[in-house]
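**Student:** Next come a sequence and a model predicted from it.
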Amino acid sequence: MKKGLQIPGAPAPIGPYSQAILIKDTLYVSGQIPLNPKTGDLVNDSIESATHQVMQNINALLQEAGMEFSNVVKCSIFLKRLDNFKAVNEIYGEYFRSTLAPARETVEVSKLPLDVDVEISCIAVGE
């Protein structure tokens, strides 16, 4: 049986999708953008702050499923400009310092929802 999860207090998704789906012990997290769930505002003043917000959104969904970053096995990073790879990679890496980093790909795309600079999705597996 699948269960939809949402960041507590966050606005509803802007389309026909769930923020995350939990099936048994596997969590599928939809692409997260730098939307502050408390204010509904985009955090887009720098690629660093945007990436932190995306990772905090992922963390909120992991916590809703009783998981943490050590449970993440796969990530997909979408960047509007691959020139931001180094900055995003540094921030992203801070969230996996104490655990084995997940498998991942990073791709440049022409446009992202709400014209943000970064979007990240992931898959996590419970223990």
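**Tutor:** Thanks, I have the structure now.
**Student:** Which secondary structure state is assigned to residue 17?
**Tutor:** The three-state assignment at residue 17 reads coil, by DSSP: H, G, I helix; E, B strand; the rest coil.
**Student:** same check, this time on residue 114
**Tutor:** In the three-state summary, residue 114 is assigned as helix, counting by three-state DSSP.
**Student:** Check whether it really touches residue 32, as I assumed.
**Tutor:** No - using CB atoms under 8 Å, residue 114 and residue 32 do not qualify as a contacting pair, with a distance of 12.0 Å. All C-beta spots, glycine's among them, are computed from the backbone N, C-alpha and C.
**Student:** Can you check which residues contact both of those two?
**Tutor:** Common neighbours of residue 114 and residue 32 are not found (criterion: CB atoms under 8 Å, 6 or more residues apart in numbering).
**Student:** These two - which one has more neighbours?
**Tutor:** More neighbours surround residue 32 than the other of residue 114 and residue 32, with 24 against 12 (other CB atoms under 10 Å).
**Student:** The more buried one contacts residue 54, doesn't it?
**Tutor:** Yes - applying CB under 8 Å as the test, residue 32 and residue 54 come out as touching, 4.9 Å apart.
**Student:** Which neighbouring elements make contact with the helix or strand bottoming out on mean pLDDT in the chain?
**Tutor:** Taking mean pLDDT, DSSP states H and E as the measure, the helices and strands of the chain show their lowest mean at strand 2-5, namely a mean of 88. Secondary-structure packing of strand 2-5 (3 or more CB pairs under 8 Å, 6 or more residues apart in numbering; DSSP states H and E): strand 20-23.
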